[in-house]
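Enquirer: Pasting a predicted model and its sequence here:
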Amino acid sequence: MKTRPVVCCFGGKPPLHSTCSLPLCSPCTRICHFLIPQPNFGNVSACVSGNVKPMCTASQIHGVFVIYLSNGVCIFRANNKITAISEAQLRPFLALETLDLSNNNVVEIKSGSFPALPLKNLFLNNNRLSSLEPGCFTNLSSTLQVLRLNRNRLSNIGPKIFTLPHLQHLELSRNRVRRVDGLTFQHLPSLRSLKMQRNGLNRLMDGCFWGLGDMEVLQLDYNNLTEVSKGWLYGLKSLQQLHLSHNTISKIKSDAWEPCPKLSELNLSSNHLSRLDESGFANLGVLDRLDVGNNRVSFIADGAFRGLSNLDLQNNEISWTIEDMNGPFSALDKLKKLFLQRNQIRSVTKKSFSGLDALQHLDLSNNAIMSIQANAFSQMKNLQELRLNTSSLLCDCQLKWLPIWVAEQTFLYCVNASCAHPQMLQGRSVFAVRQEEFVCEDFPKPQITVQPETQSALKGANVTFVCSAASSSDSPMTFAWKKDNEVLNDAEIHNQAHLRVQGGAGGETEVTEYTTTLQLRNVEFSSEGRYQCVISNHFGSSYSTKARLTVHMLPSFTKTPMDLSIRAGATARLECAAVGHPSPQIAWQKDGGTDFPAARERRMHVMPEDDVFFIVDVKTEDIGVYSCTAQNTAGAISANATLTVLETPSFLRPLMDRTVAKGETAVLQCIAGGSPPPKLNWTKDDSPLVVTERHFFAAANQLLIIVDAAEADAGKYTCEMSNTLGTERGNIRLTVVPNPNCDSGAQGVVGVGIGTGAGSDDDGWTTVGIVIIAVVCCVVGTSLVWVVIIYHTRRRNEDCSVTNTDETNLPADIPSYLSSQGTLADRQDGYIPSESGSSHQYMTSSISGFYLQPKEMIGLCHLDTGSEVDMEVAIDPLLCHYQGPIGSLLHRDNMYLTDPAEVFTGTFGKAPNWRPQQDLHPGFTPLSVTQNGITLHENPYTAPDAEADHKEFNDSSSEQSNSVYEQPFDNTRTDSTSQCLSST
């Protein structure tokens, strides 16, 4: 239906359904000329028929101008100097959709100023608004879609002002808003565009645009914003266009664009940006148009741009980026337009535009380009327009390709290029120079001859980089050093030049060689980077390779592990942290190695982020020295801590009661465990133990040895062990029974104790001194030593007679312990062979089958193997680790074990200083007795000394027979019916 507006002028209430015709209204002289086509209101200029357009002056404007349209009612009160909005005056217009109050003098809008009208468009621009009360637009919240508040004097906008869920367009430009707080626009969920240009904005608080999830266009041009951050962009998930031109932005945070994944157009022109990092435009996967023109950009990182179709970099300082970098635009394979005007570009290399396969428009105008390498534009197959104007070209042999290529590509209309060198071609267009005139007779542009070298240095040292270049021109040379592609403005640089003569095909030429030195003093970690020299003159610049500087610092500990004592089962915590450059690696060792019992059992945990080393459920095997090592390329340091695991005392083996025959040697064992090692104390029958010359202690009191046991020794022995964590007690019952193997009435027996006083004295030494404690296995030699021992023992036994079969020969290294103080005698340095003619005494009991002859016994006692428990004591592995005083080992000759596995691994000691009794019966030939076990050859007691005795033994051994006694090495005891031997 065709719109048929009727314009009426009146001062009162208009009829809602006016049917007045034009002639009726024509006498009204207040129909004004401003009724012209307006956006969003339809065509209202046809309100009068024909070509008659009544005019009126501003002074005549008053009242209300209502335009009735077929689709609604528009009311105009513009340019009426209105200072306040009357709710009563607007209430009659129940169908009002557009209200234009622009260009008036409205100062404030109070709450309730607008009645509940179906208003869609409200124009309040160009007033003097300085205050908006909260809730002033509440009555319009159900219908209002467009709100214009630009060109006013607003300085503060609170979060409760704009509660308009259907508002789509909001204009706040040209006000005085300096700061936008968080959640200011949270009640505008339908907003599509927001304009806030020219407000002097300098602070956008975090979350200030939160709630605008549907907004597509945000215009913040001509403000004082200094950086782009994720905080104030948070919530703009649908933003497509962002305009930030003409601000003072100098920094773009690396994660700034994360809230804007749909941003396709970004305008950052006319700001203070100096570098475009690789992370500067990260997360902008759909960005299509980017304008960073009119900034101060001098550095563009590799891969800074991706996926663009339009890039504007005009009026920056990216000449070095174009001249030196390898493909700064290589990631822009979809780029169609590139603007590089006024960037001080002086040379174009063949890698400057690599990757721009889809480029159609390239603008290099207003750059004083001096050289263009061959094929610099050849990879741009789709190039349709190249704009280039320069009068500084070096027209040598390297430029002869350019006029041919430009003509072939039909770019002559937009390329204006002329020569500046050599002199004969100066000012001529390159298209007017013949091909044969492009010659290379010199090299006025500098050429690098010495490149700076990569270096490493310790923190605080001085570093020097050297770079040299040569040129045939006398044009003034300038020198610059760059670090990570940025110029070092305050660097310490020393320059020098000297002439040299260079020969060539055309004769000798004077060449000036320039050397520039960069001095870095007291280098810090911030000094690390890639250094490059740039040497330039009027004809161009040369760039050296980039030399890397690495600064190291020896590690130093910030946390060192401390000695730790902890109860078993708890968690040990060791701290270790170090600093250095590069950051040192932390490693742990235990006792100098990497074999951690806790690691094998998965009880060890290392927390790198907390610099802590844990051992859970600590056990005694975790005891040791733990070393923390911090290492980097500069060196390594280490710190040690001792871990001590505390355990209450405990018995590692149950205490066993003992029963021995009278005269035998009794061994009571109390194998103790605990940390620190407990101290042991023995009592008898709950009273202090009375120690006599027959009592000995070994293995840190873990063994109580009673020689020549008597009935008085029987009783209850208590072993008490204690350390700092507690005390443990245990009892052992010792029973002494009569010895059935000895005949106290035998007479005339050849043996120890028969004879004169010398024999009695010797018998006393035998009783006291010859104590065999085979229970302590202290491994003090290597396996090679034992092989030598066995070897020599068996060689000495070659002449020994063996009676019957099933004999097991006892080795010569059976240990014997003798010490009235209970200390281990000095280690014996050699072996002393027993004297063949010495008297013989047979042991009756105790350790591992060797028993001491009871004192005062006249007859010969049969040797007893002892009990199974005694045998276990002799090979108890729980004592093998002990290295304490355990007695003296007396050498025995002509004894060995047939099974190498049964070789005794005891400790060798010196024999007591005593001489054996001389043979009183030279004609005595002892009987050999064998009983499925040990064979004893000769007297087991030897003289400690005497090479003469040794020689005498060797001389007489073949003439004298050996006395042999055999004992079974099993769990059965010696036959009780065995007879005592007597001399024949």
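Expert: Done, it's in.

Enquirer: Low-confidence stretches in the stretch 401-550 of the chain?
Expert: For the stretch 401-550 of the chain, the stretches with pLDDT under 70 are 502-508.

Enquirer: Same question for the chain.
Expert: 1-79, 502-508, 608, 741-984.

Enquirer: hmm, try it at 50
Expert: Scanning the chain for pLDDT under 50 picks out 1-65, 68-72, 743-772, 775, 777-782, 798-984.

Enquirer: Show me the longest strand that occurs in it.
Expert: strand 635-651 (DSSP state E).

Enquirer: pretty sure Trp232 contacts Trp210?
Expert: No - with contacts counted by Cβ atoms under 8 Å, Trp232 stays clear of Trp210, the gap being 9.4 Å. All C-beta spots, glycine's among them, are computed from the backbone N, C-alpha and C.

Enquirer: between those two, which one's more packed in?
Expert: Neighbours were counted for Trp232 and for Trp210 using other Cβ atoms under 10 Å; Trp232 has more, 23 against 18.

Enquirer: My reading is that the more buried one lies in a strand. Confirm?
Expert: No - counting by DSSP: H, G, I helix; E, B strand; the rest coil, Trp232 is not found in a strand; it is helix.

Enquirer: how about the strands in the stretch 301-450 of the chain?
Expert: 310-312, 337-339, 347-348, 361-363, 371-372, 385-394, 415-421, 447-450 (DSSP state E, counting those that start in this stretch).

Enquirer: Would you mind telling me which of those is nearest Cys440?
Expert: strand 385-394 (9.9 Å; Cβ to Cβ).

Enquirer: List the buried residues of that closest one.
Expert: The neighbour-count check on strand 385-394 (16 or more other Cβ atoms under 10 Å) flags Leu386, Arg387, Leu388, Asn389, Thr390, Ser392, Leu393, Leu394 as buried.

Enquirer: Looking at strand pairing, list the partners for the first one.
Expert: The one in question is Leu386. Leu362 (DSSP bridges).

Enquirer: Distance check, it against Val406.
Expert: 8 Å (Cβ to Cβ, to the nearest Å).

Enquirer: what is in contact with the two at once?
Expert: Val415 (Cβ atoms under 8 Å, 6 or more residues apart in numbering).

Enquirer: list the contacts for Glu453?
Expert: Phe465, Val466, Ala547.

Enquirer: ok so it is a helix residue?
Expert: No - under the criterion used here (three-state DSSP), Glu453 is coil, not part of a helix.

Enquirer: Ramachandran angles for it?
Expert: The phi and psi values for Glu453, taken as degrees, to the nearest 10, are phi -110, psi 150.

Enquirer: Quick one: the helices in the chain, in order.
Expert: Secondary structure of the chain (DSSP state H): helices at 22-25, 87-90, 230-233, 319-324, 401-408, 597-600, 757-769, 783-796, 868-874, 947-956.

Enquirer: The fifth one relative to strand 385-394, how many degrees between them?
Expert: Direction vectors for helix 401-408 and strand 385-394, defined by axes from the mean of the first three to the mean of the last three Cα atoms, to 10 degrees, enclose an angle of 160 degrees.

Enquirer: The residue nearest to Phe305 when sequence neighbours are not counted and Glu317, how far apart?
Expert: Leaving out its chain neighbours, the residue that sits closest to Phe305 by Cβ to Cβ, 6 or more residues apart in numbering is Leu332, at 5.4 Å. Going from Leu332 to Glu317 by Cβ to Cβ gives 20 Å.

Enquirer: Also Ala461?
Expert: 33 Å.

Enquirer: can you check Ile82 too?
Expert: Taken as Cβ to Cβ, the span from Ile82 to Glu317 is 52 Å.

Enquirer: can you check Asn105 too?
Expert: Distance from Asn105 to Glu317, by Cβ to Cβ: 48 Å.

Enquirer: of those two, who's got more company?
Expert: Between Asn105 and Glu317, Glu317 has the larger neighbour count (other Cβ under 10 Å), namely 17 against 13.

Enquirer: My understanding was that that one contacts Arg346; is that so?
Expert: No - using Cβ under 8 Å, Glu317 is not in contact with Arg346; the gap is 12.0 Å.

Enquirer: follow-up on the earlier one: which two among the buried residues of strand 385-394 are spaced furthest apart?
Expert: Arg387 and Leu394 (20.6 Å).

Enquirer: Contact partners for the nearest residue to Gly211 once chain neighbours are set aside?
Expert: Take Gly211 and drop its neighbours on the chain: the residue closest to it by Cβ to Cβ, 6+ apart is Gln186, 3.5 Å away. Residues near Gln186 by Cβ under 8 Å, 6+ apart: Pro159, Trp210, Gly211.

Enquirer: Quick one: the residues you listed as a markdown table, columns for distance to Glu711 too.
Expert: Below are these laid out as a markdown table (distance: Cβ to Cβ, whole Å):
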| residue | distance to Glu711 |
| --- | --- |
| Pro159 | 105 |
| Trp210 | 100 |
| Gly211 | 104 |
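
Enquirer: Out of these, which comes closest to Asp595?
Expert: Using Cβ to Cβ, these come closest to Asp595 at Trp210, 58.0 Å.

Enquirer: from memory the closest one sits against His187, does it?
Expert: No - if you go by Cβ under 8 Å, Trp210 and His187 don't touch, sitting 11.0 Å apart.

Enquirer: got the end-to-end distance for stretch 146-159?
Expert: 18 Å (Cα to Cα, to the nearest Å).

Enquirer: Actually, stretch 693-702.
Expert: Stretch 693-702: ends 18 Å apart by Cα to Cα.

Enquirer: Stretch 595-614 too?
Expert: 15 Å.

Enquirer: mind listing what's buried in that stretch?
Expert: Phe596, Pro597, Ala598, Arg603, Met604, Asp611, Val612, Phe613.

Enquirer: before we move on, what about stretch 308-320?
Expert: Quick answer for stretch 308-320 (16+ other Cβ under 10 Å): Leu308, Ser309, Leu311, Asp312, Leu313, Gln314, Asn315, Asn316, Glu317, Ile318, Ser319, Trp320.

Enquirer: List of residues touching it?
Expert: Counting by Cβ under 8 Å, 6+ apart, 269, 287-300, 305, 328-329, 332, 334-346, 363, 367, 482, 485, 534, 541, 543 sit against stretch 308-320.

Enquirer: Repeat the analysis, applying 6 Å as the threshold.
Expert: Contact with stretch 308-320 is made by 288-291, 293-295, 297-298, 332, 334-345, as judged by Cβ atoms under 6 Å, 6 or more residues apart in numbering.

Enquirer: same question, stretch 427-438
Expert: So stretch 427-438 is contacted by Cys395, Cys397, Leu399, Lys400, Leu402, Pro403, Ala417, Ser418, Cys419, Leu425 (Cβ under 6 Å, 6+ apart).

Enquirer: again, but for stretch 233-241
Expert: With Cβ under 6 Å, 6+ apart as the criterion, stretch 233-241 contacts 207, 209-210, 213-214, 216-217, 259-260, 262-265.

Enquirer: looking at the residues you listed, which has the most residues close by?
Expert: Phe209 (27 neighbours).

Enquirer: how close does that one sit to Pro134?
Expert: Taking Cβ to Cβ, one finds Phe209 at 20 Å from Pro134.

Enquirer: Show me how the protein divides into domains.
Expert: 1-153, 273-441, 447-551, 560-646, 647-737 (automatic domain parsing).
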